[in-house]
Every structure is written in structure tokens, then in C-alpha cells.
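Asker: Got a sequence here, can you build the structure:
(2 chains)
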Protein chains: 2
Amino acid sequence: MTITESDLRSAAGSAAGGTRLARAIWAKVTEPADPVLGALIDALGPADALSWLSSLKEPRNEGGGLPAEFAGLAPQMRNRLVRALERWRPRLEEVEVDREIRTLEHCDGVLVTPEDEEWRRGLNDLGFETPACLWVRGVGKLGEITKRSVALVGARAATAYGEDVTMQLATGLVDSAFTIISGGAYGIDIAAHRAALAAQGTTVVVLAGGADRLYPRGNAQVFARVLDSGLIVSEHPPGSAPTRARFLTRNRLIAALAQATVVVEAAWRSGAISTARHAAKLGRALGAVPGPVTSMMSAGCHGLLRDETAVCVTDAAEVAELAGQIGEHFAAPPSIVPTLFDTLNGPESAIFEALPLRKPVALASVARTAGLSFEVTMATLAQLEMRQIAVREGQLWRRAKD
Amino acid sequence: MTITESDLRSAAGSAAGGTRLARAIWAKVTEPADPVLGALIDALGPADALSWLSSLKEPRNEGGGLPAEFAGLAPQMRNRLVRALERWRPRLEEVEVDREIRTLEHCDGVLVTPEDEEWRRGLNDLGFETPACLWVRGVGKLGEITKRSVALVGARAATAYGEDVTMQLATGLVDSAFTIISGGAYGIDIAAHRAALAAQGTTVVVLAGGADRLYPRGNAQVFARVLDSGLIVSEHPPGSAPTRARFLTRNRLIAALAQATVVVEAAWRSGAISTARHAAKLGRALGAVPGPVTSMMSAGCHGLLRDETAVCVTDAAEVAELAGQIGEHFAAPPSIVPTLFDTLNGPESAIFEALPLRKPVALASVARTAGLSFEVTMATLAQLEMRQIAVREGQLWRRAKD
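Answerer: Residues are numbered from 1 along each chain as shown, chains lettered A, B, ... in the order given. Modelled structure (predicted):
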């Protein structure tokens, strides 16, 4: 099971190739969001880290002692490394460099790593939980496509309300040139992708299993259409099964890929809420769509609003404002049809109301009823008369008829 | 039109009576929330302020000069006083002290002033816009009844959803011994009162006209029931008509009377939003109930949530938490039925998923699939075997059948 850095380099033809291959192997050996791997790659680089660790003797087999290389580490870090190596060893023992290269060469899609221009820089905000690499299928460059993007996430058991709002948001966001990002689940996820496709927009599916295992099967047709114009992304090597833990770690990728995340509909405890927490932790803009308080499927959104983790968003313009640069988007308040009263200032409104509809009254009576001075009453009545709102009959005043 | 302090005192029989009478007259002479009146009462007291101002010669009639008493004032204050006096003069000229006393004596209800124990201290937070006095009809003491209270406000054109939520909130709040406060309008206001009455709770109607003018007439039956167990309150003398401006100034009383204000349903621009702004200005707890983003009647609530003026509230417990003393109420998160996965920790869950349903596999295979060390895998399998979740067949492992 010893993999040396030169193995990796010669097998993959270059130092850069060695790094790519090492990242692909790390993705296979570890479960995602393993901070020990992140620290190790940060310290040594992916290829050196892999060859160093694979060359170590089994730590517990040397009479219970630790590898000599671990001696200089702080005890806590040493213990974490020992435990990590124990976690990784069962898979590390299976790795054959040549086979991994063949797998990479024949994989449908591209391996994108942090060293590539195509990498989405925002993923690095995940720190030690940054994925080792991503497998990307479809059309377009990951970094470019997700630069201006919104994640629309929510419940599998979405209501018709939730799916409607998702479709409205996705359509409006595509019209504002945003890419849509979501998982591949039934409910809100797939409604977001469907609407983005229908609006001829770009959409990105982030899967919890391999990018070749289009799960769930029921969404296969939508996934196929995504591959024609957008991307399907996974941090797992092709063939990997989606597991419960991987759905949760996958959520951090959705949050980190997108400029902003919006929870459209989610029960009190749900995967979408975990995505929201990741977005908040990353300091990304986070929105939640309100819904009826009688709907359990909005309870998670209301929870995010209650603790002020999320901003209340109700339409695509508000989401665009949330995601966009300051000043780039402004959600306009709804337009309102003005009434007569909107055209009247305070004294005008008071005097209009003080005027009788039929039997005219004296100026003094109007002033008393309106609570205004004689002078202001007189001047205002003159204004209202010109505007044909008040009518004078001799010395008396009444409202004009409609 | 000269009213002296001794007139007031002798007419009302005592200094305290003079203050009460003066406040009643001020309420008649001025429109509400007039900060000049507030400043004047603050400086001179209601009776002195009234006798001083009513004794002044008309400021503009003395060759355009100002009364000698105004000479010492700062120019801005002097100008404001001059304009205020012009506003008040048309009504001041009509005041007859004896008639005002008779009106007070025969009024159905009590005059409550800031000097009374029954006064709601919170009203003084309105500063110079504190009402001169309140006319109160019904059963109970204003200060006591409103000490533990929530204002439920909202649109006249409420939806069935809004009325349902209002009734749920009012019922729940009454069960937690809160008094309900609202206006008297159709829609949310009257739904709140109806539900409070139905739950045998206490409810307070704050009217924009005189407390004897039960407006709108369509709610007269509800108002009559409120008078049997709660209060109808107005800052306007009996007989006063509700005007547009008075609906808006009335809203500050609702906000100041209640511990917390909740907007249940409101269009983008509505009276309920003005009540909310008053509550926010007073530093009172403010909640907004979310609703479908497709409903214009929730747009105002969502606006308050968006700009974080209001806290998102979805049930009576959350409103009680908002209104109550810190620590007194806690809204419990909804209870959740646990699944098998809730009883498994991280490694247990990964190993459970790694176990085949039928054909058993070796420990090494389970460890690789789960991404865990052999040691952890072995220990965890033993745990799961004891809990009859995993089954051993010789050296191989599979899931237990349900």
C-alpha cells in the first residue's frame, strides 16, 4: 500500500498530474469534510501528504508505538492523525495508482481541483473542509457558471405553494442572469432545476453520491437535461453511493458554491436547514421564504427568520438584492394605486373630511372640526376649490360632488 | 373665552378636579399627538397652561405683534406656540367651563388622566404626544388590565388565513392571561376581540372617535360584549367623529398601551404598519406573522421582517415569549418523532448504512464502505449486534431484518 510521490508523478506524467491524481485518491480514501485531511493537505500538499502517510508503518503494529514521523507533533494533533489514519487505512490498502489513473481517464466528466482556473474560489472558504476535488459533468466551467449564483433549497415533501414559489424565484433569477444551484432531491430541489431549464437558464446539481449515479432515479430526465446546458457536480469519485452522512456534507458544497442561499420551504429539522447553517457559517447571504404559519413545511424557514439567521425574501428581486453587489439590485416596494387622500397633505385631508357632503357650513365651523386655524383653513379651502375638491356657496363651504 | 385656573378649580371643586377638567378641555380643543400641547402641559401643568393661553390676546390682532408673555421664549418655540394657538383658537372660543363639567358628569364612562392610579404608565413613553386624558368605558381598571397585554393588529381586508391565525393567537394569549388590545375595525381587529371574548378573556378596543360612538356600526354587537368584560378607550371626548388623521394617531395609543404588538396581516401600506412603527419607536416588542408570499395581505408583515423591525412569530407561545419577561415564557420548538437514525451516532449510522440487507460481508468491507477504522468498525458492530440492529453470520455481517 505504499504510494510514493514519484509514483504519483510518473504515473500521472507531471507534478501537476501527480497533485490531481493524489486529490482523486484522497477523495476516494476519505469521507468528505474531514478536517484532518484539510490540515494535512494544507501542510504538505496533496501528493506529499498521500505518499508520506501511505509509507507509514501501521501505527499500532509497532509494539503499540507511533510512527517516528509523528514524534514532533503536538499530542492533540498526533492523536487526531493517528485516528484519521486508522479511518483511512481500510480504503488506503485498496488503492492502486495505475487503476486510479485509468478510472480518471475513462470517467465521463472532468476532475476539477483547487489548482485549476475553473475551480470555484468560494469553496476555499470551507477551510480544512474544502473538498479535495470535484467531479464535474455537463457544459461550462464551474467557476464561471457559479460566480453569479443562488442556491434554492428546501424540502423533499414540498407543498404546491413551495414548488410554485420556487419556480417563480428560479425563473426571475434566471432572467437576472443568475445560475441556480441545488441538490437533486424531489420537491424544492428539482422544482428549482426544472424552472431554470424551462427559463433556458443555467443550473447546477450537487449530488451526494458519484456524479455518474444520478440519484434519485425519478429525476433522471431532469438530470439529463441539466447535462445539456448546466453541470452535475460531486466531491465523490464516480460509482460512490449517496449515504446519509454524505447528504449532510454535500450541503456545505451548495452553500459554498453559491453567492446566496435561499430556503424556500423546510420543516423544522431538514437538510435545507443544514445548508442554511453552512451558508450562515460561511458568512454568505441567506434568505428564507415565509409561508403560512399553519404549514409545517414553512416552520424551518420561520425558525431561521425568528433567530435572524436569514433575511425574509418574497420574490426574485429581493433574492437578487440579497445575492448581488450592493447597489446592483434593488427590490422595488410594490407599486400602489394612489387614492384622493394620497394627493392631499395633512391640513387638506383634515379639511376635506371636515367639509359636509351636502349642506354647506361656515369657514369657522370647518376650522373647528378640522382643528386648524382660520388662516390655514381659508388658504387650504382656496386650494381645494381650485382643484374642484371643495365648493363655495356664498360664504359657506361643502365638498364637490364626485 | 378667558378661562382662569381658579375658574377651573372652583368649577370642578378642587385643584385635582381642575386638572381633570383642563385635560378634558385640552382633549376637546386640540387634535391628538400635538407635541406643542405636550410641551406646554409639561412646563405649566394642564390647568395653568389652559388658563394662561385662553387669557392671551389674539396674537395677530394686536397690530400683528405677539403677546407679551411670548417675548422670553426662543424664536422657534415662540413660532410653534403662535401657530398652535391659531390652530386651537377656533375651538377654544367655543369652550364653556360649566357645560364641559356637565358633559363630564353625564358621560357614560370615566375620564382617566395621567394623575390617576388607573393610568397606564406606558402611555407616558409617548412623551409630548402622550394623550391629555382617556375616556374609558367598560369593566376594570385600564392600568391593571393592560399591564399584561398584547396588541393584535392588521388589515381590514383580512383573508381567512389572517383571521384564523388571529383567533389562534388571541385564544392562546388569553389562556396565558394576556389582555388583547386592538382597534375596532373589520378584519383582524374584530377577529382578535371576538376570539378573546369567546375564550372568556379581557379585551380592549381603542377607538379613533369618541368612546360613545361605536364605529363601525357593523361591529356594535361585539363592542357591546366588550363593555361587559373589557374596555373601550378613546382620547377623544364623547361625540367626536373618527377621522382619517385620528385613526393614525390612535395607533400610537394601541402601541403604547400594549406590552407587545403583533401585526397579523397587513398590506404594504396600512394602518397596522403605522401601529408597528409606533411600537418600534417606543422600543416595544414587535412581532409580525408571516404568510404566503403570494398574498398581498402579508406583504406588510414581510416588509417588517425584511428590515428586521419585527420578530417573526408563528404561534401564541412565541408571542407570549416576545411580550413576557425574559425567562417567563419559552416557546418550545415543535416536538419531533425520532427515527432509527436519531438513535444512532455518526459511526453507528455510517456502519448501519454500510451493512448489506441480505448477503453478509466481511468486517474489512464494512470498514472500507463506512470510511472507518477496523477498530471502530469492530466495536460499533458489537454495539449494533447487542441492539439487534446488526447480525453476525460466522465472520460476516449484515443488517438485522425489521
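Asker: element containing residue A:111, please.
Answerer: If you go by DSSP states H and E, residue A:111 is part of strand A:110-112.
Asker: Run through chain A and note the low-pLDDT ranges.
Answerer: Residues of chain A that meet the criterion pLDDT under 70 lie in A:1, A:57-71, A:325-338.
Asker: which residues are in contact with the strand holding residue A:111?
Answerer: A:20, A:23-24, A:104, A:118-119, A:133-137, A:142 (C-beta atoms under 8 Å, 6 or more residues apart in numbering or on different chains). C-beta coordinates here come from the backbone N, C-alpha and C atoms, glycine included.
Asker: Of these - the most surrounded one?
Answerer: residue A:134 (28 neighbours; other C-beta atoms under 10 Å in any protein chain shown).
Asker: How about residues contacting the helix or strand following the strand holding residue A:111?
Answerer: Heading C-terminal from strand A:110-112, the first helix or strand you meet, by DSSP H and E, is strand A:134-138. With C-beta under 8 Å, 6+ apart as the test, strand A:134-138 has contacts from A:107-113, A:118, A:123, A:142, A:210-212, A:226-238, A:253.
Asker: again, but for stretch A:384-395
Answerer: Under C-beta under 8 Å, 6+ apart, the answer for stretch A:384-395 is A:340, A:344, A:348, A:351-352, A:355, A:360, A:362-363, A:381, A:397-400.
Asker: got the end-to-end distance for that stretch?
Answerer: End-to-end distance of stretch A:384-395 (C-alpha to C-alpha, to the nearest Å): 15 Å.
Asker: Which positions in it come out as buried?
Answerer: A:384, A:389-391 (16 or more other C-beta atoms under 10 Å in any protein chain shown).
Asker: which residues sit in contact with residue A:324?
Answerer: Residue A:324 is in contact with residue A:259, counting by C-beta under 8 Å, 6+ apart.
Asker: Does chain B have contacts with the longest helix belonging to chain A?
Answerer: If you go by DSSP state H, chain A has its longest helix at helix A:75-92. Yes: with C-beta under 8 Å from any C-beta of the partner chain as the criterion, chain B is reached by helix A:75-92 at A:83, A:86-91.
Asker: And stretch A:348-356, by the same measure?
Answerer: Yes: counting by C-beta under 8 Å from any C-beta, contacts between stretch A:348-356 and chain B involve A:349-350, A:353-354.
Asker: The single nearest residue of the stretch 151-300 of chain A relative to chain B - nearest residue in space that isn't next to it in sequence?
Answerer: Here the stretch 151-300 of chain A gets closest to chain B at one residue, residue A:290, 3.1 Å apart by C-beta to the nearest C-beta. Closest residue in space to residue A:290, ignoring its immediate chain neighbours: residue B:290 at 3.1 Å, by C-beta to C-beta, 6 or more residues apart in numbering or on different chains.
Asker: All the helices of the stretch 101-250 of chain A, in order from the start?
Answerer: A:142-147, A:160-175, A:188-198, A:220-229, A:244-257 (DSSP state H, counting those that start in this stretch).
Asker: hey, which of these is tucked in deepest?
Answerer: Counting by mean count of other C-beta atoms under 10 Å in any protein chain shown, helix A:188-198 has the highest mean neighbour count of these, with a mean of 25.
Asker: contact partners of it?
Answerer: Contacts of helix A:188-198 (C-beta under 8 Å, 6+ apart): A:152-156, A:158, A:162-163, A:166-171, A:173-174, A:179-180, A:182-184, A:202-203, A:205, A:219, A:222, A:225-226, A:229-230, A:264-265, A:272.
Asker: For residue A:381, grab the count of nearby residues.
Answerer: Residue A:381 has 24 neighbours, counted by other C-beta under 10 Å.
Asker: May I ask which helix or strand encompasses it?
Answerer: Assigned by DSSP H and E, residue A:381 falls in helix A:374-386.
Asker: thinking again about what came up before, drop anything exposed from the residues of helix A:75-92 next to chain B.
Answerer: Buried, going by 16+ other C-beta under 10 Å: A:86-91, out of the residues of helix A:75-92 next to chain B.
Asker: want to throw those into a markdown table with distance to residue A:32?
Answerer: Formatted as a markdown table, those follow (distance: C-beta to C-beta, whole Å):
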| residue | distance to residue A:32 |
| --- | --- |
| A:86 | 18 |
| A:87 | 13 |
| A:88 | 13 |
| A:89 | 18 |
| A:90 | 17 |
| A:91 | 13 |
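Asker: mind checking how far the residue in the stretch 1-150 of chain A that chain B sits nearest to is from residue A:397?
Answerer: For the stretch 1-150 of chain A and chain B, the shortest gap (C-beta to the nearest C-beta) falls at residue A:86, measuring 3.3 Å. Using C-beta to C-beta, to the nearest Å, residue A:86 is found at 94 Å from residue A:397.
Asker: What parts of the stretch 201-350 of chain A come near chain B?
Answerer: Counting by C-beta under 8 Å from any C-beta, the stretch 201-350 of chain A sits next to chain B at A:243-245, A:268-269, A:289-294, A:296, A:298-299, A:301-303, A:305-306, A:308, A:311-315, A:318, A:333-334, A:336, A:341, A:346, A:349-350.
Asker: Any of these buried? List them.
Answerer: Buried among those (16+ other C-beta under 10 Å): A:243, A:245, A:268, A:289-293, A:296, A:298-299, A:301-303, A:305-306, A:311-315, A:318, A:349-350.
Asker: Out of the residues you listed, which sit inside strands?
Answerer: A:311-312 (DSSP state E).
Asker: So which of the buried ones among the residues of the stretch 201-350 of chain A next to chain B belong to helices?
Answerer: A:245, A:299, A:301-303, A:305-306, A:318, A:349-350.
Asker: re earlier: next structured bit after the helix holding residue A:381?
Answerer: Next along from helix A:374-386, by DSSP H and E: strand A:390-393.
Asker: Need the CA coordinates for that next one. CSV is fine.
Answerer: C-alpha atoms of strand A:390-393 as CSV (Å, rounded to 0.1, in the frame of the first residue of the first chain):
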residue,chain,number,x,y,z
ALA,A,390,-64.3,71.9,-2.3
VAL,A,391,-67.2,74.1,-3.4
ARG,A,392,-68.1,77.6,-2.1
GLU,A,393,-71.7,78.6,-1.9
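Asker: Tell me who's in contact with the nearest residue in space to residue A:378 that is not next to it in sequence.
Answerer: Spatial nearest neighbour of residue A:378, excluding adjacent residues (C-beta to C-beta, 6+ apart): residue A:363 at 6.1 Å. Contacts here follow C-beta under 8 Å, 6+ apart; on that basis residue A:363 touches A:374, A:377-378, A:381, A:395, A:397.
Asker: Report the contact partners of residue A:80.
Answerer: Residue A:80 neighbours (C-beta under 8 Å, 6+ apart): residue A:36.
Asker: any idea how far residue B:172 is from it?
Answerer: With C-beta to C-beta as the criterion, residue A:80 and residue B:172 are 49 Å apart.
Asker: The closest residue to chain B within the stretch 301-402 of chain A: how many residues sit nearby?
Answerer: Taking C-beta to the nearest C-beta, chain B has its nearest neighbour within the stretch 301-402 of chain A at residue A:373, 3.3 Å off. Look at residue A:373: counted by other C-beta under 10 Å, it has 21 neighbours.
Asker: Residue A:129 contacts residue A:33, doesn't it?
Answerer: Yes: look at residue A:129 against residue A:33 with C-beta atoms under 8 Å: they come within range, at 4.2 Å.
Asker: So for these two, which sits in the more crowded spot?
Answerer: Set residue A:129 next to residue A:33 and count neighbours by other C-beta under 10 Å: residue A:33 wins out with 22 against 18.
Asker: Would you agree the more buried one is in contact with residue A:249?
Answerer: Yes: the criterion here is C-beta under 8 Å, and residue A:33 meets it with residue A:249 at 4.4 Å.
Asker: Sounds good, over and out.
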